[in-house]
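Enquirer: Okay, predicted coordinates and the sequence, questions at the end:
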Amino acid sequence: QVQLVESGGGLVQPGGSLRLSCAASEFTLSCYAMSWYRQAPGKERELVATISSSGTSTNVADSVKDRFTISRDNPKNMVYLQMNSLKPEDTAVYYCKAAWGFQVYWGQGTQVTVSS
């Protein structure tokens, strides 16, 4: 079954760090542009970061610039989101998305809570 599975979420204090992982099964990520989105309670899902299929091009939202980094390891079929200097407003469910032409896959999400 084709799926994306996120992991690495949890509870962290403000200023802390987390690394989210996104693993693909039953398909190869190397052809896909990969993105991380997040959705906080009562808010729309927003794009956090995107990385090209080769990994040579990345973009991050202004709200997380200089704090979050997206990366990928195509041989391992994995994508990552390194989150540093976390703030309470980063609290959300984080989703991984794979996109290639009309093929789009979403993961189930992983909860990140930033609180003291």
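Expert: Received, thanks.
Enquirer: Assign the residue nearest the centre of the chain to helix, strand or coil.
Expert: What sits nearest the mean C-alpha location of the chain, by Cα atoms, centre = their mean, is Trp36, with 3.1 Å. When classified by DSSP: H, G, I helix; E, B strand; the rest coil, Trp36 comes out as strand.
Enquirer: and it, how far is that from Ser116?
Expert: Distance, Trp36 to Ser116, by Cβ to Cβ, to the nearest Å: 24 Å. Every C-beta, even on glycine, is put in place using the N, C-alpha and C of the backbone.
Enquirer: swap in Leu47?
Expert: In terms of Cβ to Cβ, Leu47 sits 27 Å off from Ser116.
Enquirer: do Leu11 as well
Expert: Taken as Cβ to Cβ, the span from Leu11 to Ser116 is 10 Å.
Enquirer: neighbour count winner among these two?
Expert: Leu11 (12 against 8; other Cβ atoms under 10 Å).
Enquirer: How about the more buried one, nearest residue that isn't a chain neighbour?
Expert: Thr113 (4.8 Å; Cβ to Cβ, 6 or more residues apart in numbering).
Enquirer: just the strands in the protein please.
Expert: Taking DSSP state E as the test, the strands found in the chain are 3-7, 10-12, 18-25, 33-39, 46-51, 58-60, 68-73, 78-83, 92-100, 103-106, 110-114.
Enquirer: I'd like those strands written out as TSV, with mean pLDDT added.
Expert: Formatted as TSV, these follow (pLDDT from 0 to 100):
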stretch	mean pLDDT
strand 3-7	95
strand 10-12	98
strand 18-25	96
strand 33-39	98
strand 46-51	98
strand 58-60	98
strand 68-73	98
strand 78-83	98
strand 92-100	97
strand 103-106	95
strand 110-114	98
